[in-house]
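# can't give you the sequence, but here's the structure:
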């Protein structure tokens, strides 16, 4: 028999980082001065001395804000000739941590297995904002590469002195510098600096501009970048040894559960604490206006306590929102709260007036949620008048700052430690729960773990905005597209940001409000189509209730892209059909008609669409497939393409679907994705991320919809809110890495993001393939069997 | 006191009989493999094997457990990963990885009952285990990679251990 008691349980690399590597350790005891170069003794483990140490950034608290202009904030070389990299990012499971390590190892000239990477510890790693926008590789990778290159330059200068040889006559191989003409004369990085810290000041007006004197290597010299190295984080996720944010335990910690308003906008009239105060393990009922939580010693006690608590809630006088079944009719008649600038090219009115053929179509996308597999959770420790939050929040620095403001604590007395957790594809409830844990911990003076329930997560997490679209297109007598109009309506008013102390859910329930709600946005499509006459505009509309409601919008994996690209690329497909043109040829000819841009997106779009078609084995013909119209079997097949770009990443997806006309089931048998994100750091990691990003899009296409009545969300678990399952998985997924740069050998090939672009065109690809199989257009997401059968019935009637 | 045999070791716990096994494993005994996902037996994140049968610990009262429990931590034998775990690494299956405990253990139960499943048998056997990163394609590839490998030989390498956790 064994007995266990809760103790501090952190992964060793995080524990080491938290307790021994702290940039507040002063840079003193200079050993050497060489131009701008200073090296100081590394003082090592000194947690109790932290409060006395002065951080270079000028912040004096126990949890200083790391100074990104100091090289040792980014890179530490150890006596065993290994390196630790500190970066201000997180990895939601796309392997970006592995990619960052590859980039820095390559520039530093150290083997991949001789380095470790620490991410997202707010008092240790520089504030790169955490993750989001697929910009980790595209933007944040540059300061990582440049600081590693600067460390290499500094080490070469030290070696030059040590070996009494000019830098130009030295070479580096895996952390050992040697003389080119005499390799027996060498010195290791560890011998030069191991155990001591760099004292090198960097430049840059913001962290993205951080650099030293060194330049990054030309692409042709990169060796670790470009390798399909296995992800370092996977073994511990497979053998059960990883400590996740959900696993952290602290002495004396207690468990809290929120008690949410039963209907949106309800006011908490009274709470009967006696209904739970006699239950075993009772610690507290905490109430602030409409925020309500129970706290118990044990987790299952907290779950039971939240159910047992008697509270009186007063519903609002007016309905909070229309029923989800009436949502699109509601959206179409609202007066917009704001509108985008109308983008006009050419003279669309004149073009439509003389067009040989004009098409119109409406499209609809409901609210869709994050609905993480593991509901939101956080642990907050208020010991010693400080605050530490253990969280999987991808915006871990924003969490620190937001909580500090919310609790009126100095920022350098609050820290947030990123640890692995369930998916973080945008602004999730990880933000909300971090504030709740910190608030309760401060109230109770004990470490508090808050865990959201399944229904709480599915109902109350932020949503991707619902959209309606009206599309018009014009063809001339030869079938050439001459004009297009795009008008979107997005239910995105009061879109909440990340970790805002006045919009996180607990703040709303406490009655806090920003002076102005966020206006939200309605995005325009991204394409390289050279249609001569265009008009594009997006309007934002609002629900009646915008505060204390579960229907609140926040960023969800490419916040508008899947919706917008669905409407746009599905309509382009309708125009191709009207023109009796092959959908690939139709797109290629429009791209040919465009002008090239600074990112070479014309050339790269052509290459990407062609690569997808070629890899698929696309035969040139219009849709729908005439063979399918004549088919007697209930099963028909079709193929569909959709294309778009996101920033510098260009993507084309072809879906091959099987439709059962009797059951309404769509099965995507095969997916082909041609993907150009510039320089690829880790091809395997990128491909697998694209596979999963496409399937996430497929889940949104086939299954996902937030449903609600007039007062509450009714899709609250995996039965009422279905998601993609094993049986929906394609039999074959192919990801083709394209390099469509007109000068693919240029030494400065940029690296773009890969987490979201592939997610954008998926819904459209499925809808277009469905049409190819059946001749029927699906104009409302999701394409569940009942909707598919209804669409097929309407076609017949 | 309630006695549990987990990964070949006996544990006594002093908790309410109705306490879900999940919270005893995680909070009293510090196992990290089983994870909370829904509390409704809908997603599979909390899966453990009980005498080789995939069991949802979030809805299993601790007092109702009869048999040998195997968690993700207990799947390896003598320092060797289960062939499924190795296949998971070889195929680089996880994205975030939160659900993979349930994916791996459910696949283990599937292969125990059917060492060479067809593609459709894999889909059917895994249907109730959800992944919100949608790593399904890699999961199925990993199961195919591990299927047919001699799990009998793997467990026979340590007959005592084979009896302690997983039955075939």
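Thanks, I have the structure now. All values reported here derive from a predicted model rather than from experimental measurement.
# For the rest of this, base every contact and every neighbour count on C-alpha atoms.
OK.
# tell me the domain boundaries of chain A?
Following automatic domain parsing, chain A resolves into domains at A:12-238, A:245-317+A:376-452, A:596-796.
# rank those domains by pLDDT, which is bottom?
Of all the domains of chain A, mean pLDDT reaches its minimum on domain A:12-238 (a mean of 84).
# Excluding covalently adjacent residues, which one is nearest to residue A:773?
Leaving out its chain neighbours, the residue that sits closest to residue A:773 by C-alpha to C-alpha, 6 or more residues apart in numbering or on different chains is residue A:638, at 4.0 Å.
# what does residue A:546 give?
Excluding the flanking residues, the one nearest residue A:546 by C-alpha to C-alpha, 6+ apart is residue A:494, at 6.6 Å.
# Can you tell me who residue A:198 pairs with across the strands?
Beta-bridge partners recorded for residue A:198 (DSSP bridges): residue A:39.
# for the residue nearest the centre of chain B, what are its contacts?
Nearest to the geometric centre of chain B sits residue B:105, at 2.6 Å (C-alpha atoms, centre = their mean). By C-alpha atoms under 8 Å, 6 or more residues apart in numbering or on different chains, the contact set of residue B:105 is B:47, B:48, B:49, B:54, B:71, B:72.
# does the last one really touch residue A:237, like I thought?
What it means is residue B:72. No: assessed by C-alpha atoms under 8 Å, residue B:72 is found out of contact with residue A:237, at 9.8 Å.
# all strands in the stretch 301-450 of chain A, in order from the N-terminus.
For the stretch 301-450 of chain A, the strands defined by DSSP state E, counting those that start in this stretch cover A:310-314, A:338-339, A:343-345, A:357-365, A:368-369, A:377-381, A:387-391, A:414-418, A:448-451.
# so which of these gets nearest residue A:151?
Ranking these by proximity to residue A:151 (C-alpha to C-alpha) places strand A:414-418 first, at 25.8 Å.
# Write out the residues of the stretch 251-400 of chain A neighbouring chain B.
Within the stretch 251-400 of chain A, the positions adjacent to chain B are A:299, A:300, A:371, A:372, A:373, A:374, A:375 by C-alpha under 8 Å from any C-alpha of the partner chain.
# thinking again about what came up before, tell me the helix or strand right after the strand or helix carrying the residue nearest to residue A:773.
Secondary-structure element containing residue A:638, defined by DSSP states H and E: strand A:635-646. As assigned by DSSP H and E, the chain's next helix or strand after strand A:635-646 is strand A:649-660.
# Please name every helix or strand in contact with that following strand.
helix A:601-616, strand A:635-646, strand A:666-676, helix A:762-774 (3 or more C-alpha pairs under 8 Å, 6 or more residues apart in numbering or on different chains; DSSP states H and E).
# Contacts (any at all) between chain B and the shortest one?
No: legend: contact between strand A:666-676 and chain B by C-alpha under 8 Å from any C-alpha is lacking; minimum distance shown is 11.3 Å.
# Quickly name whichever of the residues of the stretch 251-400 of chain A next to chain B is closest to chain B.
Nearest to chain B, judged by C-alpha to the nearest C-alpha, of those is residue A:374 at 4.6 Å.
# pLDDT at the closest one, what is it?
For residue A:374, the model assigns a pLDDT of 98.
# if I look at it, how far off is residue B:89?
22 Å (C-alpha to C-alpha, to the nearest Å).
# before we move on, what about residue A:403?
37 Å.
# Tell me how many other residues crowd the residue in the stretch 1-150 of chain A positioned nearest to chain B.
Across the stretch 1-150 of chain A, no residue is closer to chain B than residue A:93, which sits at 3.9 Å (C-alpha to the nearest C-alpha). Counted with other C-alpha atoms under 10 Å in any protein chain shown, the neighbours of residue A:93 add up to 23.
# still on that earlier bit, of residue A:374 and residue B:89, which one has the most company?
A direct count of neighbours by other C-alpha under 10 Å for residue A:374 and residue B:89 places residue A:374 higher, at 25 against 21.
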